[in-house]
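Peer 1: model the structure of this input:
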Amino acid sequence: MISRYIEKFMRYLEIEKNYSAHTLLNYKLDLIDFAKFLGEVPLENIDYLLLRKYLVTLKERNLSNRSIARHLSALRSFFKFLTKEGYLKNNPILVISTPKLDKPLPKFLTEEEVNRLIETTFKKQKIDERSLRDRAILETFYSTGIRISELVNLDVEDIDFISGIVKVLGKGKKERLVPIGEIALKAIKDYLDKRKKTSAILFLNKQGKRISTRGVSNIVNKYIRLASIKEGVSAHTLRHSFATHLLNRGADLRSVQELLGHANLSTTQIYTHLTTEKLKHVYDKAHPHA
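Peer 2: From the prediction side, this is the model:
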């Protein structure tokens with residue numbers, strides 16, 4: 001049965017590859033789905049034709065190309081592991097191609113919209129611990145460009161108030177150091193000074209425990225509505241805005257890659273499409289025949 005090999009693979013990803021809990025769960029769900037499709041088929045009988053049949057079943061479920069590509073990614077890693085460990089002689093998935101994906105351009109806010117969003121934290125309510133926390137969350141997002149999962153995992157000791165550096169635990173449990181601006185540091189200090197509960201955790205929920213990703217999303221969505229910002233904007237939009245504004249103001253792509261914690265430069269390159277207005281402005285100003 002393939003299930004025992006899935007368990008070996010999951011242990012390998014967790015212990016040796018240091019994958020995050022979120023990634024591990026997605027891989028496991030995709031591989032369990034594949035195991036259900038196989039039924040009693042032994043590992044050595046999995047071939048190109050069987051994998052093609054599985055892809056057909058995924059398409060029949062009306063899954064998007066992106067979802068099918070994710071399933072394939074899990075299977076590619078799985079079969080690579082099986083051949084590397086000697087459980088399989090040949091890798092049957094090598095000849096399967098991944099469906100072509102359109103890369104949607106990420107949405108971002110203008111600098112004016114970001115300022116409006118952050119200022120909304122002090123407009124609709126009295127300035128108390130909660131509003132100070134919410135402002136600190138928004139400022140930290142925009143100042144550092146970190147992911148929502150990285151933000152909720154921050155502890156007070158991760159903020160170096162003197163050097164203006166944040167220690168972030170990113171994807172694959174990799175640590176990186178990210179600069180944080182004075183405005184965000186002041187917002188964090190104001191929140192901590194007002195906070196009633198003493199805790200090593202940076203951002204707390206109503207119960208005095210670590211705030212969840214859902215909790216942060218709800219906070220950001222609340223202020224997006226109050227600030228009357230365009231639809232389709234989320235907490236992740238502040239990360240996109242961070243990257244876009246840096247590039248618009250002359251930051252180089254490799255530096256932005258480091259700040260975002262992207263493993264590959266190609267992931268960061270999507271933001272170059274968002275800066276064409278800036279390039280057009282430079283072109284119009286500088287080219288003699290513009």
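Peer 1: just the pLDDT at the closest residue to Leu51 other than its chain neighbours, thanks.
Peer 2: The shortest distance from Leu51 to any non-neighbouring residue, by Cβ to Cβ, 6 or more residues apart in numbering, is to Ile96 (5.5 Å). Using the backbone N, CA and C atoms, a C-beta is placed for each residue, glycine as well. Looking at Ile96, its pLDDT reads 86.
Peer 1: repeat for Asp155
Peer 2: At Asp155, the pLDDT value in this model is 97.
Peer 1: and it, what are its bridge partners?
Peer 2: With DSSP bridges applied, Asp155 shows beta-bridge pairing to Ile201.
Peer 1: who touches the longest helix belonging to the chain?
Peer 2: For the chain, the helix that runs over the most residues, judged by DSSP state H, is helix 65-84. Defining contact as Cβ atoms under 8 Å, 6 or more residues apart in numbering, one finds that helix 65-84 is touched by 5-6, 8-9, 12-13, 26-27, 30-31, 33-34, 43, 51, 55, 58-59, 63, 88-93, 96, 98-101.
Peer 1: hmm, 7 Å instead?
Peer 2: Among residues not part of helix 65-84, those counted as contacts by Cβ atoms under 7 Å, 6 or more residues apart in numbering are 5, 9, 12, 27, 30-31, 34, 55, 58-59, 88, 91-93, 96, 98-99, 101.
Peer 1: avg pLDDT for that helix?
Peer 2: On average, the pLDDT along helix 65-84 is 92.
Peer 1: and after it, which helix or strand comes next?
Peer 2: Proceeding N to C from helix 65-84, the next assigned helix or strand is helix 111-119, under DSSP states H and E.
Peer 1: can you show me the CA trace of that following helix as CSV?
Peer 2: Presented in CSV, the C-alpha positions along helix 111-119 are these (Å, rounded to 0.1, in the frame of the first residue of the first chain):
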residue,chain,number,x,y,z
GLU,A,111,1.1,55.3,-1.1
GLU,A,112,-1.8,57.6,-0.4
GLU,A,113,-4.2,54.6,0.1
VAL,A,114,-1.7,53.0,2.5
ASN,A,115,-1.6,56.2,4.6
ARG,A,116,-5.4,56.5,4.5
LEU,A,117,-5.7,52.9,5.7
ILE,A,118,-3.3,53.3,8.6
GLU,A,119,-4.9,56.6,9.7
